[in-house]
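**Student:** What follows is a predicted protein model with its sequence.
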Amino acid sequence: MNWTALATIGLLCVSNIVMTFAWYGHLKLQQMGVTANWPLIAVILFSWGIALFEYSFMVPANRIGFADNGGPFSLMQLKVIQEVITLTVFTVFVTIFFKNEHLHWNHFVSFTLLIMAVYFAFMKVE
């Protein structure tokens, strides 16, 4: 794997970590009482600010990784990689920050199917 592929995957990982906090971090902050009394618009603006920061990783990842820009991945491959990273980051996030959420057998089956999706997305079709 070349440095462009590694840089793309690394940026996608950072992007997804930041985005997971934008999407779900406010729920943990609410549980902790930090944002419990915030109006919804404040929570949206707070999350939007985090998401704006996330774009500084996502956009370069896609530009660097896209085959038409000299990167190693097609658009479909980029999207499948991003989805697998998103679900992996989300699973770790939920396991660490939300103790009332549990992994079950069907989650492991879905992860296996995601790995298969990566395989098929990268399979050479003539």
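**Tutor:** Looks like it arrived, so ask away.

**Student:** before we move on, which element is M116 in?
**Tutor:** In this assignment (DSSP states H and E), M116 forms part of helix 105-122.

**Student:** Work out the gap between that helix and the centre of the chain.
**Tutor:** 16 Å (C-alpha atoms, centre = their mean, to the nearest Å).

**Student:** residues making contact with it?
**Tutor:** M76, Q77, V80, I81, E83, V84, L87, T91 (C-beta atoms under 8 Å, 6 or more residues apart in numbering). All C-beta spots, glycine's among them, are computed from the backbone N, C-alpha and C.

**Student:** Quick check: mean pLDDT of stretch 112-126?
**Tutor:** Over the span of stretch 112-126, the pLDDT mean works out to 85.

**Student:** Pull out the buried residues from the helix ranked longest in the chain.
**Tutor:** The longest helix of the chain (DSSP state H) is helix 40-65. By neighbour count with 16 or more other C-beta atoms under 10 Å, helix 40-65 contains the buried residues F46, S47, I50, E54, F57, M58, A61, N62, I64, G65.

**Student:** Go ahead and confirm the last one touches N2.
**Tutor:** No: proximity of G65 to N2 does not meet the contact threshold set by C-beta atoms under 8 Å, at 10.8 Å.

**Student:** Tell me the confidence at A5?
**Tutor:** 95.

**Student:** sorry, back to before: dump the contacts of helix 105-122 into CSV; add pLDDT as well.
**Tutor:** Below are the contacts of helix 105-122 laid out as CSV (pLDDT from 0 to 100):
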residue, pLDDT
M76, 90
Q77, 92
V80, 90
I81, 92
E83, 89
V84, 89
L87, 88
T91, 88
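
**Student:** now, which of those residues lie within helices?
**Tutor:** M76, Q77, V80, I81, E83, V84, L87, T91.

**Student:** Now rank these by neighbours and give me the top one.
**Tutor:** For the ones in helices among the contacts of helix 105-122, the largest neighbour count, defined by other C-beta atoms under 10 Å, is 21 neighbours, found at I81.

**Student:** Can you name the residues that contact that one?
**Tutor:** T8, I9, L12, F73, V118.

**Student:** Thanks a lot, catch you later.
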